[in-house]
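Enquirer: Here you go, sequence then predicted model.
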Amino acid sequence: MDDAARPAQLPLQPAVSLTGRPWVRESAADPLLCPTMTQMDYNYTLHSSNPEVYRKRPFLLQVDKDSQMNLFAVLELRRDNYCRWSTLVCFRKVKLYSIFFGVTVMFLIMASYILTADKKGLLLTPSPYHFSNLGNNPGSFLFNLSSARDYANIKLVLKTITSKVEFTTRELPDLKDLKRNEPHMFSVIPPKFLPNVKNPCWYEEYSGNITADPYGANLYALYSKRLRTVFDFLRNAFREHLNHHVNKNYRIRCLPYFYIVGQPKCGTTDLYDRLRLHPDVRFTTFKEPHWWTRKRFGIIRLSEGFHDRYPVEDYLDLFDLAAFQIQDHLLGNSSRSQHKRNIIIGEASASTMWDNNAWVYFYDNATNGEPPFLTQDFVHAVQPDAKFIVMLRDPVERLYSDYLYFGIANKSAEDFHEKVSESLQLFEGCLLEFSMRSCVYNTTLNNAMPVRLQVGLYIVYILDWLTVFQRDQMLVLRLEDHASNRKYTMHKVFDFLSLGPLTEQKEAEITKSPASNTRRPADKNLGPMLPITREILKDFYSPFNEKLAKVLKNDSFLWENLANIM
């Protein structure tokens, strides 16, 4: 399951005062500002061939004081040694102004809660990527859509959106541009893999001390307590799996053979749990690393901003357990492997297909609001033969399930309706200024919408994936079909991955086990969405579903026959 809660505005913004202006020092002799603020230069690249430098490098972006602030700036606080007050006087004044500042901030936050009735907090920083029609469009937020009498108004919003629906072919980036933006990743992953192994693997020279902890700096291990047992096992198995050749040590490295790329609340967890039972399939140490979409940018949770960036080595470490087994089979080590198998590795981050929210902070915006690079561009550059499984469901039901999943207070069908209405108006406001693709990938819009409308625009993402991968590299399934006939969908997956035959007992275990990650009882008690909300969403998603059915040559993706999947 997608582990990101309701996306919040990414907080790494310019340091600002309560008036919205960047903090600057008035004078070097200002008695109230003993510390001084200086702006740091940022002439550097975001990557390094050294993993340690890559991991620790700060984000510093230059901002011209005479121009509008575009993204975010990092200010360095330098304490001067020439404070003119005595230590006691300085301490008292700082304490006094700190109390005053704290009271002021508390007052503003309380005022924000009262005025907006929103518990998301008070944003004091400008959006890093805004469009003028958000809030400035005369047609936005002028009517309440909570009752049937306002249905005519929302129909006008839907009409505007429908008139702007277009499916254009994106411009593909050059490989040299991809390598320039991710040089470290391309320096680690080789262009070719071992020829006699089904899964993409290679041998990498290990120059470290074999007595040192090879996973000591892995950020997945450091941030996740639940992975400690797995990494303890890997530490014990690491040295015995080093391959010695001509006085050098080599370790086996692997990438996934296939990815379950989406979508959230569409049954990816159930598919993952069943595939794990196949004797030829291994997965990462946990379901969703989210490396391609989040961790490589330093995003752990969207609401927390940026952390240390996870280098590709940390991601590859997650496949070591399966890689050791592949090596055992490759070398015919009978003490660890009694049967020869073509083991393949899977990865199941449900954000991979759709989440490109980090692009605006890292890539140049020179493409009319559209991302110059998407996740699939980088995956294709290092794995052109990878396979992808996409699980979809009726986008109307998916959105309601998504809303119920996240731990927000006072959930109800009426509240869901209000959030849908607000999101539709925001989406319309974007389309009045930008293209469809720009709005789907617009970070500010995606963070502003109270429900994730964009995740259900499946065809936009699939078309963009098909610009770099072939159609036969993607298996697109429906949750409705999987729920009604698991044996059928699992056999389609087995055939797609070219997996070996199963015993009847093992097949029954895989196909008959209970469904995973179903709706919580408390959420079931809320009942279905309002009929008017369903009709609104059906009209919104209809043109996208029609295009999806046409591209996939399967009318079942129109979702005309309602199915209630819990």
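Expert: In hand now; what should we look at?
Enquirer: Could you list the low-pLDDT ranges of the protein?
Expert: By pLDDT under 70, the weakly predicted segments of the chain are 1-98, 100, 103, 105-149, 333-340, 365-367, 407, 517-522, 562-566.
Enquirer: Please enumerate the strands of it.
Expert: All strands of the chain, identified by DSSP state E, fall at 35-39, 75-79, 201-206, 243-245, 248-254, 258-262, 281-283, 344-347, 387-392, 474-478.
Enquirer: Tell me which of those strands sits nearest to Arg452.
Expert: Of all the strands of the chain, it is strand 258-262 that lies closest to Arg452, at 12.0 Å by C-beta to C-beta. C-beta: built from backbone N, CA, C; applies to glycine.
Enquirer: Now do that closest one against strand 387-392, angle only.
Expert: 20 degrees (axes from the mean of the first three to the mean of the last three C-alpha atoms, to 10 degrees).
Enquirer: what's near enough to touch the residue nearest to Val281 when sequence neighbours are not counted?
Expert: Leaving aside its chain neighbours, Val281 sits nearest to Leu275 (5.2 Å; criterion: C-beta to C-beta, 6 or more residues apart in numbering). Remark: with contacts taken as C-beta atoms under 8 Å, 6 or more residues apart in numbering, Leu275 is in contact with Val281, Phe283, Gly346, Val493, Ile510.
Enquirer: and if you look at Arg486?
Expert: Going by C-beta under 8 Å, 6+ apart, Arg486 touches Arg274, Thr511, Lys512.
Enquirer: mind putting those in a markdown table, neighbour count and distance to Asn342 included?
Expert: Formatted as a markdown table, the contacts of Arg486 follow (neighbours: other C-beta atoms under 10 Å; distance: C-beta to C-beta, whole Å):
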| residue | neighbour count | distance to Asn342 |
| --- | --- | --- |
| Arg274 | 22 | 19 |
| Thr511 | 17 | 22 |
| Lys512 | 10 | 25 |
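Enquirer: Among these, name the ones in helices.
Expert: For the contacts of Arg486, membership in helices holds for Arg274, Thr511, Lys512, with DSSP state H as the criterion.
Enquirer: Pick out whichever of these sits closest to Tyr461.
Expert: Out of the ones in helices among the contacts of Arg486, the member with the shortest distance to Tyr461 (by C-beta to C-beta) is Arg274, at 23.9 Å.
Enquirer: residue contacts, that closest one?
Expert: By C-beta under 8 Å, 6+ apart, the neighbours of Arg274 are Arg486, Met490, Ile510, Thr511, Ser513.
Enquirer: now do 6 Å
Expert: By C-beta atoms under 6 Å, 6 or more residues apart in numbering, the contact set of Arg274 is Ile510.
Enquirer: Tyr215 versus that one, what's the distance?
Expert: According to C-beta to C-beta, to the nearest Å, Arg274 stands 29 Å off from Tyr215.
Enquirer: One more: Val157?
Expert: In this view, Val157 and Tyr215 are 51 Å apart by C-beta to C-beta.
Enquirer: do the same with Val420
Expert: Distance, Val420 to Tyr215, using C-beta to C-beta: 45 Å.
Enquirer: In terms of neighbours, single out the busier of the two.
Expert: Taking neighbours as other C-beta atoms under 10 Å, Val420 and Tyr215 compare with Val420 leading, 28 against 20.
Enquirer: What's the end-to-end length of stretch 296-303?
Expert: Length of stretch 296-303, first residue to last, C-alpha to C-alpha, to the nearest Å: 16 Å.
Enquirer: can you check stretch 306-323 too?
Expert: Taking C-alpha to C-alpha, stretch 306-323 runs 30 Å from one end to the other.
Enquirer: Now do it: distance to the chain's middle.
Expert: Its chain's C-alpha centre and that of stretch 306-323 lie 16 Å apart, by C-alpha atoms, centre = their mean, to the nearest Å.
Enquirer: Okay, buried residues for it please.
Expert: 306, 308-323 (16 or more other C-beta atoms under 10 Å).
Enquirer: gap between Asn561 and Asp555?
Expert: 10 Å.
Enquirer: bridging residues for the residue nearest to Lys192 when sequence neighbours are not counted?
Expert: Leaving out its chain neighbours, the residue that sits closest to Lys192 by C-beta to C-beta, 6+ apart is Trp202, at 7.7 Å. Here Trp202 sits in beta bridges with Arg253, going by DSSP bridges.
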